[in-house]
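[1] whatever this is, show me its structure:
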Amino acid sequence: MIQPAKAQRTIGGEDVFIFEPLALEYLAAGINDKHDVKILDMRFDKNLDEVLEDFKPNVVGITSYTVNVNTVKGLFERIKKDHPAIFTVVGGHHATVAAEDFVTPFIDLIVMGEGVLVFKEIISRLEKRKGFERIPGIAYKEGSGLVKIPSDPITDLDIFPHPARELTQKYRQHYFTEWMKPLASIRTSKGCPFRCNFCALWKLTDGKYIRRKPENIVKELAEIKEDFVFFADDESLVDAERMKTLARLLKEAGIKKRYFLYGRSDTIIKHPELIKIWKEIGLERVFVGLEFFKDEDLQYINKGSTVENNKEAVKILQANGIEIYASFIVRPEFTKEDFKAFKNYCRGLALSFPTFSVLTPLPGTDFYDEVKGKLITRNYDLFDFIHTLLPTKLPLDEFYNNLNFLYMNAKSPIKALSFMMKYPLKEIPKLIPLTIKLSKQIKNAYKDY
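    Residues are numbered from 1 along each chain as shown. Okay, here's the model as predicted:
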């Protein structure tokens, strides 16, 4: 099983964070009691040919987000040309929302949706030399078309085994985001009850919010060795009572970790006591999609929150000593005045880590369906939330100069210094060349079209 590396022109990715390949660890857990399984994380290991020669796999599976599509198709072509007998399977988010993009002679089967049970059945059929007819959740090329066999969305996440984290043991010291290293990941829920038009995650569960039982989460956390733990949920705090129960059980079990999770601003202001409870058991950081500094922009993406919600949520998190990973969105229509106003807004919130992505229409979202006729590029390498996919009001070079200005100036020097001091002393010298590299990439992004 392969976790692909980012493409050369893709900005961000493993330069700024590397999470463990949780999806592959789940898939492996479904079959590694009867089969030899190896996970190759190509964000670290580039020696694919050597691994194929040494391990001699019968099956290779690769997971793919939208930004990985070109890279993944290239890997499959390379694998099939040198090892035509290997059976190839692709899965992941992009395979789920746009399976047609993987119709190629180098990919034998496409998995859509939750893949643990599907992949287990595929391996069983291969072992018994049976066909794949009627396996829910697969797609494959037939003649000039694509056959899709839909499946019902999973409604119980507790049916899955715990991820086979032992298969990424050689990499685990290197998984990180910012100063949180080594960083483990855990999934405690899936889906979201909200309907943001730039997001497809709520569609994958038919709009339902699916929760794992707190008792099972505690059992899995007890197995995790890392101190830092990221909750890889679409939204972690939306069910406040469940999270209160989980906090109580973790406290009773004596599990002490340093947590990083997602939370909406409106959830936070409805349940400020939840933040305090989780702070007491180790919550260190919350990823909040603040998105915009104008209510009309929040309405444009159907966010369902307000600028006032955002300000209040920031105050609650800051009052509890929680680090805020503030995620904002830049619209292609922004003017120089918008960029300056955005900077002033962020400074006013006294944020130490504001991040900015360009509003990106991803396949599978309502927003993509609305604007796909206006795309200025369809090169998936550039679907990285930094390269704009839509026409900008400013000339492209000016747009990226202003985006870089926003990144460099949205936090005060004092806040920047306080954030830097969260890193281990040995890591700090690496931050300056990394910042320079990313700044240069953003300023020169207009050249990639």
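
[2] which element is the residue nearest to residue 224 when sequence neighbours are not counted on?
    Counting by Cβ to Cβ, 6 or more residues apart in numbering, residue 224 lies nearest to residue 184, which is 4.8 Å off, once chain neighbours are set aside. Glycine gets a C-beta too; all of them are placed from N, C-alpha and C. Secondary structure assigned from DSSP states H and E places residue 184 in strand 183-186.

[3] chain center to stretch 89-104: distance?
    Here stretch 89-104 shows a centroid-to-chain-centroid distance of 17 Å under the convention Cα atoms, centre = their mean, to the nearest Å.

[4] in it, which residues are buried?
    Buried residues in stretch 89-104, defined by neighbour count with 16 or more other Cβ atoms under 10 Å: 89-99, 101-102.

[5] can you pull the buried residues of the helix or strand residue 340 falls within?
    Counting by DSSP H and E, the secondary-structure element that holds residue 340 is helix 336-349. Applying a neighbour-count criterion of 16+ other Cβ under 10 Å, one finds 338-339, 342-343, 345-346, 349 buried in helix 336-349.

[6] state the mean pLDDT of that helix.
    Averaged across helix 336-349, pLDDT comes to 98.

[7] ok, of the buried residues of helix 336-349, which one's closest to residue 239?
    Among the buried residues of helix 336-349, residue 349 lies closest to residue 239 (Cβ to Cβ), at 26.9 Å.

[8] surely that closest one touches residue 314?
    Yes. Taking Cβ atoms under 8 Å as the contact criterion, residue 349 and residue 314 are neighbours in contact, 5.2 Å apart.

[9] need the overlap of contacts for those two.
    residue 326 (Cβ atoms under 8 Å, 6 or more residues apart in numbering).

[10] related to what we said a few turns ago, identify all contacting residues around the next helix or strand after the strand holding residue 184.
    Note on strand 183-186: by DSSP H and E, the next helix or strand toward the C-terminus is strand 189-190. Defining contact as Cβ under 8 Å, 6+ apart, one finds that strand 189-190 is touched by 154, 157, 204-205, 209-212, 233-236, 238-239.

[11] compare those and tell me which is most surrounded.
    For the contacts of strand 189-190, the largest neighbour count, defined by other Cβ atoms under 10 Å, is 26 neighbours, found at residue 236.

[12] phi and psi next, for residue 231.
    The phi and psi torsions at residue 231 (degrees, to the nearest 10) take the values phi -90, psi 110.

[13] got the buried residues for the helix ranked longest in the chain?
    In the chain, with assignment by DSSP state H, the single longest helix is helix 428-443. Residues of helix 428-443 classed as buried by neighbour count (16+ other Cβ under 10 Å): 438, 441-443.

[14] residue 27: how many residues sit nearby?
    The local packing count at residue 27 equals 30, with neighbours defined by other Cβ under 10 Å.

[15] circling back: for residue 320, state which of the buried residues of helix 336-349 is nearest.
    Sorting the buried residues of helix 336-349 by distance to residue 320 puts residue 349 at the head of the list, at 15.5 Å, by Cβ to Cβ.

[16] residues contacting the closest one?
    Taking Cβ under 8 Å, 6+ apart as the contact definition, residue 349 lies against 311, 314, 326.

[17] related to what we said a few turns ago, distance from the helix holding residue 340 to the middle of the chain?
    With Cα atoms, centre = their mean as the basis, helix 336-349 stands 26 Å off its chain's centre.

[18] what sits up against stretch 375-387?
    Stretch 375-387 is contacted from outside by 6-13, 66-71, 101, 357-358, 360-362, 388-391, 403, 441-442, 445, 448-449, using Cβ under 8 Å, 6+ apart.

[19] among those, which ones are in strands?
    Secondary-structure check on the contacts of stretch 375-387 using DSSP state E: residues within strands are 357-358.

[20] touching, residue 355 and residue 325? I think so.
    Yes. Counting by Cβ under 8 Å, a contact exists between residue 355 and residue 325, whose distance comes to 7.0 Å.

[21] these two: which is more packed in?
    A direct count of neighbours by other Cβ under 10 Å for residue 355 and residue 325 places residue 325 higher, at 20 against 17.

[22] so the more buried one belongs to a strand, correct?
    Yes. The assignment for residue 325 by DSSP: H, G, I helix; E, B strand; the rest coil puts it in a strand.

[23] can you list the buried residues in the helix or strand harbouring residue 80?
    Using DSSP H and E, residue 80 sits in helix 69-82. For helix 69-82, burial by neighbour count (16+ other Cβ under 10 Å) applies to 69-73, 75-76, 79-80.

[24] all helices in the stretch 251-400 of the chain, in order from the N-terminus.
    Counting by DSSP state H, counting those that start in this stretch, the stretch 251-400 of the chain forms helices over residues 265-270, 272-281, 295-300, 307-319, 336-349, 366-371, 396-409, given from the N-terminal end onward.

[25] got it, and the stretch 51-200 of the chain?
    Using DSSP H, counting those that start in this stretch, helices in the stretch 51-200 of the chain cover 69-82, 93-97, 116-127.

[26] please convert those helices to a markdown table, extending it with distance to residue 426 and mean pLDDT.
    What follows is the helices of the stretch 51-200 of the chain, written out as a markdown table (distance: least, Cβ to Cβ, whole Å; pLDDT from 0 to 100):
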| stretch | distance to residue 426 | mean pLDDT |
| --- | --- | --- |
| helix 69-82 | 31 | 98 |
| helix 93-97 | 35 | 97 |
| helix 116-127 | 38 | 97 |
